[in-house]
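> Provided below are the primary sequence and the corresponding predicted coordinates.
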Amino acid sequence: MDTQSLQAFLAVANCQSFSRAAEQLHLTQPAISKRIAVLENQVNSRLFDRIGRRITLTEAGQLLLPRAQHILLAVDDSRRTLANLSGQVGGQLSLATSHHIGLHRLPPLLRRYTQHHPDVHMALRFLDSEQAYQSVLDGTLEIAIVTLAPEPHEQLEVVPVWVDRMCFVCAADHPLCHVPALTLAELCRHASVLPGAQTFTRALLRRRLERYGLELEASMATNYLETLKMMCSVGLGWSLLPESMIDHELVSLDVDTPPLYRPLGYLVHKNRTLSNAARRLIAELEQARESSAMRWVTFTKQETTP
């Protein structure tokens with residue numbers, strides 16, 4: 001089995017589409033089909049069922065999937081280990097970030113990085129934080145810079161870099177602006193626009209509400225904070241947003257609960273050999289972490305306060 005055929009197999013399995021797999025690997029669809037056919041001949045088994053436009057793994061395909069992932073991870077790890085011996089910083093760096101971090105935190109850091117390391121080809125993807133976690137776990141990504149999960153993961157090294165102070169906000173003409181001594185219970189009785197139910201940010205809010213025995217179903221939800229800001233600013237409901245996003249269109253509500261803090265940072269797989277390119281990016285992130293150390297002291301105290 002050659003690595004190109006295995007890469008095509010994994011791409012089709014992940015995308016559930018030959019055409020999307022071809023786009024992902026920058027190949028033609030016939031080239032993808034040929035590689036899959038070669039692999040099926042080698043293993044003497046059909047790997048995909050093609051029913052109309054739907055592509056699903058056969059039993060043989062399901063058995064091959066984790067083994068193909070392991071083989072390609074081992075090959076990539078060997079290549080990185082050998083390349084690192086030269087000390088050169090180059091090649092491809094596969095990373096992902098969330099839209100919010102990519103827009104508001106990373107630009108200065110990435111500008112410095114690309115200036116200092118022009119030989120690195122940065123394969124940057126914008127993903128929800130939860131998706132990025134999974135992609136680091138399965139080896140698709142070398143590093144992710146995202147909102148951090150509330151709970152640690154035994155296979156991942158997770159390092160906080162920044163902290164967002166989260167604020168309850170609404171439009172300047174929203175009725176909540178005129179409610180004195182606003183409680184969380186009163187807030188929950190009004191329409192809200194919030195991150196999706198499975199996001200780490202929503203989990204942060206859910207934990208706080210559970211302290212007070214409260215539950216909340218968002219009136220509307222999206223994972224894009226910039227979209228939430230727009231929806232909130234036109235009066236569709238209150239929201240929970242980073243303090244840095246508050247402007248003249250929004251009002252921060254004084255709610256009877258301590259501030260919420262959201263950790264942001266990077267994660268890598270503990271068992272993966274990092275490329276020199278990834279190590280240099282982590283060095284940049286560590287510098288950013290040092291400059292935000294005081295905010296982390298505040299966050300830590302807040303999290304340990306009953």
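Structure received. Numbers count the residues shown, from 1 in each chain.

> what about L225, distance to G91?
Distance, L225 to G91, using CB to CB, to the nearest Å: 33 Å. (Glycine included, C-beta is placed from N, CA and C.)

> more neighbours, the two?
A direct count of neighbours by other CB atoms under 10 Å for L225 and G91 places L225 higher, at 21 against 14.

> contacting residues around that one?
The contact partners of L225, by CB atoms under 8 Å, 6 or more residues apart in numbering, come to 99-100, 195, 241-242, 245.

> what about 7 Å?
100, 241, 245 (CB atoms under 7 Å, 6 or more residues apart in numbering).

> now do the same for P242: its pLDDT.
Model confidence at P242, given as pLDDT, is 95.

> could you pull out the strands in the stretch 151-300 of the chain for me?
Taking DSSP state E, counting those that start in this stretch, the strands of the stretch 151-300 of the chain run over residues 156-171, 193-194, 220-221, 239-242, 250-252, 260-269.

> and this structure, what are its domains?
Following automatic domain parsing, one finds the domains of the chain at 3-83, 89-162+263-304, 164-262.

> let me know whether Q155 touches L267 as I believe.
No: at 10.0 Å, Q155 does not count as touching L267 under the criterion of CB atoms under 7 Å.

> and the two? which has more neighbours close in?
For Q155 versus L267, the count of surrounding residues by other CB under 10 Å is larger for L267: 23 against 11.

> tell me how far the closest residue to the more buried one other than its chain neighbours lies from Q4.
Residue nearest to L267 in three dimensions, not counting chain neighbours: V158, with 4.6 Å by CB to CB, 6 or more residues apart in numbering. Between V158 and Q4 the computed distance is 33 Å (CB to CB).

> could you do G90 as well?
Distance from G90 to Q4, by CB to CB: 22 Å.

> just give me the residue right at the centre of this structure.
S129 (2.2 Å; CA atoms, centre = their mean).

> need the three-state assignment for the residue nearest to that one when sequence neighbours are not counted.
Excluding the flanking residues, the one nearest S129 by CB to CB, 6+ apart is V146, at 3.8 Å. Each residue gets one of three states, and V146 gets strand by DSSP: H, G, I helix; E, B strand; the rest coil.

> right, and K270 touches L156 too?
Yes: counting by CB under 7 Å, K270 touches L156, with 6.5 Å between them.

> please pull out the lowest mean pLDDT helix or strand from this protein.
Least confident helix or strand of the chain, by mean pLDDT, DSSP states H and E, is helix 293-304 with a mean of 55.

> can you pull the contacts of L274?
Shown in contact with L274 (CB under 7 Å, 6+ apart): 142, 268.

> before we move on, what about the one 10 residues further on?
When contacts are counted by CB under 7 Å, 6+ apart, E284 is found next to 109, 112-113.

> in helices, which of those residues fall?
Among the contacts of E284, the members falling in helices (DSSP state H) are 109, 112-113.

> mind putting the residues you listed in a markdown table, pLDDT and neighbour count included?
Below are the ones in helices among the contacts of E284 laid out as a markdown table (pLDDT from 0 to 100; neighbours: other CB atoms under 10 Å):
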| residue | pLDDT | neighbour count |
| --- | --- | --- |
| L109 | 94 | 16 |
| R112 | 93 | 12 |
| Y113 | 93 | 21 |
